[in-house]
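A.B. asks: one predicted model, sequence on top.
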Amino acid sequence: MFYRPQAGHGLPHSPFGAIVTPRPIGWISSRGTDGSDNLAPYSFFNAIAYQPPQVMFASIAYKDSIRKIAETGVFCVNIVSEALLDQMNATSESFPADVDEFIAVGLEKAECETIDCARVAAAPAALECRMTEIRRIKGKDNHVIFGEVTGVYLDDACIVRGRFDVTRFNPMARLGYRDYAVVREVFELARPDD
């Protein structure tokens with residue numbers, strides 16, 4: 001099968017999200033200038049640079065998360081463990097702008113160290129970020145948010161022999177459609193020039 005996106009695929013559901021998988025989930029917390037907190041998952045998320053460390057996430061609409069980030073210039077990426085899957089999914093609900101998703105789904109907050117923002121206390125890791133750019137991209141209402149990581153929280157229980165061990169918390173990944181995956185095992189693969 002071959003299709004051109006502008007012509008359509010003829011399938012019951014778009015295969016695009018199922019092709020680019022697995023995708024890490026950026027569980028983005030943000031705080032408005034009024035002190036209100038927001039928490040929402042984004043599966044168009046990734047790390048994009050080491051020095052300085054930078055991340056990005058994309059949204060198909062100018063949502064509360066972006067509005068708060070535009071106001072304050074900061075956000076936090078919370079890493080989703082298998083244990084937090086149901087609460088992460090619950091925060092994907094379209095809550096009114098004045099609802100604090102942490103409270104709505106029963107999540108404890110912890111304050112970030114380098115930015116004025118809350119993080120998910122139970123998350124195995126969190127990336128505190130200063131927004132560097134919000135860019136509108138082609139499409140009806142598509143936006144990409146870039147941030148520089150200014151602080152990194154790691155759960156000490158996940159550090160094994162000096163390495164952050166994802167098998168200690170089993171990160172969740174987004175696949176296509178309504179499908180998800182969990183990482184339970186890993187293997188090393190050396191590059192030819194290592």
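C.D. replies: Alright, I've got the coordinates. Numbers count the residues shown, from 1 in each chain.
A.B. asks: residue nearest the centroid of this structure?
C.D. replies: Central residue of the chain (CA atoms, centre = their mean): residue 26, 0.5 Å from the mean position.
A.B. asks: list the contacts for the nearest residue to that one once chain neighbours are set aside?
C.D. replies: Counting by CB to CB, 6 or more residues apart in numbering, residue 26 lies nearest to residue 45, which is 3.0 Å off, once chain neighbours are set aside. For glycine as for every other residue, the C-beta is placed from the backbone atoms N, C-alpha and C. Counting by CB atoms under 8 Å, 6 or more residues apart in numbering, residue 45 makes contact with 23-26, 28, 55-58, 77.
A.B. asks: picking that back up, what sits against the residue nearest to the centre of the chain?
C.D. replies: Neighbours of residue 26 in contact, by CB under 8 Å, 6+ apart: 41-43, 45-46, 55, 57, 77.
A.B. asks: make it 10 Å
C.D. replies: 40-47, 55-58, 65, 75-80, 127, 129, 145, 147, 174 (CB atoms under 10 Å, 6 or more residues apart in numbering).
A.B. asks: now, of these, which are buried?
C.D. replies: 40-45, 55-58, 65, 75-80, 127, 129, 145, 147, 174 (16 or more other CB atoms under 10 Å).
A.B. asks: check which element follows the host helix or strand of residue 30 along the chain.
C.D. replies: For residue 30, the element it lies in under DSSP states H and E is strand 26-31. Using DSSP H and E, the helix or strand that follows strand 26-31 towards the C-terminus is strand 37-42.
A.B. asks: tabulate the CA atom coordinates of the strand holding residue 30 in CSV.
C.D. replies: The C-alpha coordinates for strand 26-31 follow below in CSV (Å, rounded to 0.1, in the frame of the first residue of the first chain):
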residue,chain,number,x,y,z
GLY,A,26,5.8,13.9,27.9
TRP,A,27,3.6,14.4,30.9
ILE,A,28,3.8,18.2,30.9
SER,A,29,3.1,20.2,34.0
SER,A,30,2.8,24.0,33.8
ARG,A,31,1.8,26.9,36.0
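A.B. asks: now do that strand: distance to the chain's middle.
C.D. replies: 7 Å (CA atoms, centre = their mean, to the nearest Å).
A.B. asks: what residues of it count as buried?
C.D. replies: 26-31.
A.B. asks: can you redo the contacts of residue 45 as JSON lines with pLDDT and distance to residue 122?
C.D. replies: Listed next are these as JSON lines, based on pLDDT from 0 to 100; distance: CB to CB, whole Å:
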{"residue": "23", "pLDDT": "96", "distance to residue 122": "22"}
{"residue": "24", "pLDDT": "97", "distance to residue 122": "18"}
{"residue": "25", "pLDDT": "97", "distance to residue 122": "15"}
{"residue": "26", "pLDDT": "97", "distance to residue 122": "16"}
{"residue": "28", "pLDDT": "98", "distance to residue 122": "16"}
{"residue": "55", "pLDDT": "98", "distance to residue 122": "20"}
{"residue": "56", "pLDDT": "98", "distance to residue 122": "24"}
{"residue": "57", "pLDDT": "98", "distance to residue 122": "21"}
{"residue": "58", "pLDDT": "98", "distance to residue 122": "25"}
{"residue": "77", "pLDDT": "98", "distance to residue 122": "15"}
